[in-house]
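Participant: Give me a model of this one.
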Amino acid sequence: MTSSTARAQQPQHAPRRQWLAHALIGLTGLLGLIAHTPSLAHDDAYLDTLTAPHGGQIRMAGMWHLELVLDKTAKGDKPQAVDVYVTDHAGTKQEVKGAVGSATLLSAGHKLTVPLKPVGDNHLHGEAPYTASPDLKAIVSVTMPGEDAQQARFTPLAPRAK
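Facilitator: Numbering: from 1, shown residues only. The predicted model follows:
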């Protein structure tokens, strides 16, 4: 058998298959990067750059965004509002009828748990005597009807990077 006869017997589709395999590998890698990109856009640093609709701090909790709003002038001498607003990732209000929640406030060695109840639309509300300070931390837990509880951690009164 001569070399020209051996070439004639090789499949003509081998280069095309090899190209297709490389293209599929490249496409799979690209789709993986694209799918991963939205999750990077919702980290705490990104959320801190957003202007929250009610002036609070936004955090991601499962499939929702929670906005925690505290009274920046609270002195701990009387109960003050603790408000949480629930939206989806696009900022659309999520109905909280039947939801339950709590906010645990931690500051200067003190721990205070505040029950949160629905008061309309996407708004959960509670009250507690807390002192507003930059070191205050909060853990908010929200259970939407028929869903598992979701938690988010906040530093609602800490200065934000500009």
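
Participant: does the residue nearest the centre of the chain sit in a helix or strand, and which one?
Facilitator: For the chain, M60 is the residue whose C-alpha lies nearest the centre (Cα atoms, centre = their mean; 2.0 Å). If you go by DSSP states H and E, M60 is part of strand 57-61.

Participant: So what are the sheet partners of that strand and their directions?
Facilitator: In the sheet, strand 57-61 lines up against strand 64-70 (antiparallel) (DSSP bridges).

Participant: okay, the strand holding M60 in CSV with CA atoms only?
Facilitator: This file holds the C-alpha atoms of strand 57-61, laid out as CSV (Å, rounded to 0.1, in the frame of the first residue of the first chain):
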residue,chain,number,x,y,z
GLN,A,57,-27.9,47.9,54.7
ILE,A,58,-28.7,45.1,52.2
ARG,A,59,-27.5,41.5,52.5
MET,A,60,-28.3,38.4,50.6
ALA,A,61,-30.1,35.6,52.3
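
Participant: for that strand, which positions count as buried?
Facilitator: Within strand 57-61, the residues that count as buried by 16 or more other Cβ atoms under 10 Å are 57-61. Every C-beta, even on glycine, is put in place using the N, C-alpha and C of the backbone.

Participant: what about that strand, distance to the chain center?
Facilitator: Remark: strand 57-61 is offset 5 Å from the chain centroid, using Cα atoms, centre = their mean, to the nearest Å.
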